[in-house]
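Undergrad: Predicted model and sequence follow; I will ask about them next.
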Amino acid sequence: MKNFLTSDRESRFNEILFENRNKSYGAYVLRNEEGMILKKSLFIGVAFFAAIALTPLLINALLVKETVLPAPPIIHDLTPIPITREKEPDVIKPSAPVAPKVNTYDTRVATPTRDAREVKHVTADQKLNAVPGTETSLDHPPVLTPPVIETPPITAPIVPEVPKKIDNTPVTKVDVEAAFQGGINSFRGKVVQNFNTGDFEGTGELMKTMVTFIVEKDGTISNIKATGTDRDFNVEAERTIRKINGKWAPAKLNGENVRSYFKFPISMMFE
């Protein structure tokens, strides 16, 4: 940085240096005004950094902080709720006990009067099946009716319905075989169009493979597997079958859609 105390010395040096020269040249003006430019730059820099440092303090002083009030307490109402009934329950009153009906014989002693009643003689065997009382009912015994005991109706136990087990195993014998929508020739044409023959051209060989896959109940295919002698040919065949767009009509067994196997042979001659 330029030393401000030596500015006069440098000014004299500039006069000697540019003596007998064109002083209007830019270098002379710049050397003389160098000190003033440095002073202005220093003051501007100090003012700039002071403004940056004081800006957050001014912002905090001017902003009004919002007072956050605490949430009101939650008051639980514990007042019991009265229960209203549409109909009062029926009050069942107990019935009066009924004395059992049994045979009786008269044990009263007749008073000797003119119109004394005739006492009917009761044998010892009759007393075994009767109880003492004020009258004799051996000739007309009461009809004893057994109490009627109501038994609840017998209901058959509820047997839970066993859910029908769904068999998703692919079947080999079906009533209607799976078919590609558009026909098998359309599917064969899509295989030829999408098969990449670039890696096999020029070999002069006849390559064969058998592609097996499962036609699902919704018409999609899965478990694609090619079983040929050439591994690269099998991989390309599987990729081609998987890439073909379109759905299949699933196979049917007993009128229902089932999963079924489908075999599609592929053979190509590359000359």
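TA: Here it is on my side, so go on.
Undergrad: shouldn't K243 be in contact with N194?
TA: Yes - the pair K243 / N194 is scored as a contact, 5.4 Å apart, by C-beta atoms under 8 Å. C-beta: built from backbone N, CA, C; applies to glycine.
Undergrad: higher neighbour count, the two?
TA: N194 (15 against 12; other C-beta atoms under 10 Å).
Undergrad: Give me the three-state assignment for the nearest residue to that one once chain neighbours are set aside.
TA: Using C-beta to C-beta, 6 or more residues apart in numbering and skipping residues adjacent in sequence, the residue nearest N194 is T240, 4.9 Å away. Per DSSP: H, G, I helix; E, B strand; the rest coil, the local secondary structure of T240 is helix.
Undergrad: just I59 next, same as before
TA: Under three-state DSSP, I59 comes out as helix.
Undergrad: Could you check how many residues crowd around it?
TA: 9.
Undergrad: Per-residue confidence, it, what does it come out as?
TA: What the model reports as pLDDT for I59 is 84.
Undergrad: where's it relative to T155, distance?
TA: 83 Å (C-beta to C-beta, to the nearest Å).
Undergrad: just G246 next, same as before
TA: Per C-beta to C-beta, G246 is found 57 Å from T155.
Undergrad: More neighbours: these two, which one.
TA: Of the pair G246 and T155, G246 is the one with more neighbours under other C-beta under 10 Å, namely 12 against 6.
Undergrad: so the more buried one touches G183, yeah?
TA: No - here G246 does not reach G183: they are 10.8 Å apart, not a contact under C-beta under 8 Å.
Undergrad: list the residues that contact both of these two?
TA: Counting by C-beta atoms under 8 Å, 6 or more residues apart in numbering, G246 and G183 have no common neighbour.
Undergrad: Now for N223, how many residues are close by?
TA: Using other C-beta under 10 Å, N223 has 11 neighbouring residues.
Undergrad: Report pLDDT for it.
TA: With respect to pLDDT, N223 scores 91.
Undergrad: Which residue is the nearest non-sequential neighbour of it?
TA: I214 (4.7 Å).
Undergrad: swap in S222?
TA: I214 (5.2 Å).
Undergrad: The one you found and Q181, how far apart?
TA: Distance check for I214 against Q181: by C-beta to C-beta, it reads 17 Å.
Undergrad: before we move on, what SS does F233 have?
TA: helix.
Undergrad: wait, what's in contact with it?
TA: F200, M207, T209, A226.
Undergrad: What strand or helix carries F264?
TA: Using DSSP states H and E, F264 sits in strand 260-270.
Undergrad: repeat for G246
TA: G246 belongs to no helix or strand, assigned by DSSP H and E.
Undergrad: who touches it in this structure?
TA: F180, Q181, G182, S186, F187, K190 are the contacts of G246 under C-beta under 8 Å, 6+ apart.
Undergrad: Next: G204.
TA: Shown in contact with G204 (C-beta under 8 Å, 6+ apart): F270, E271.
Undergrad: E271 versus that one, what's the distance?
TA: G204 is 6 Å from E271, by C-beta to C-beta.
Undergrad: same question, E205
TA: 9 Å.
Undergrad: Between these two, point out the one with more neighbours.
TA: More crowded of E205 and E271, by other C-beta under 10 Å: E205, with 13 against 7.
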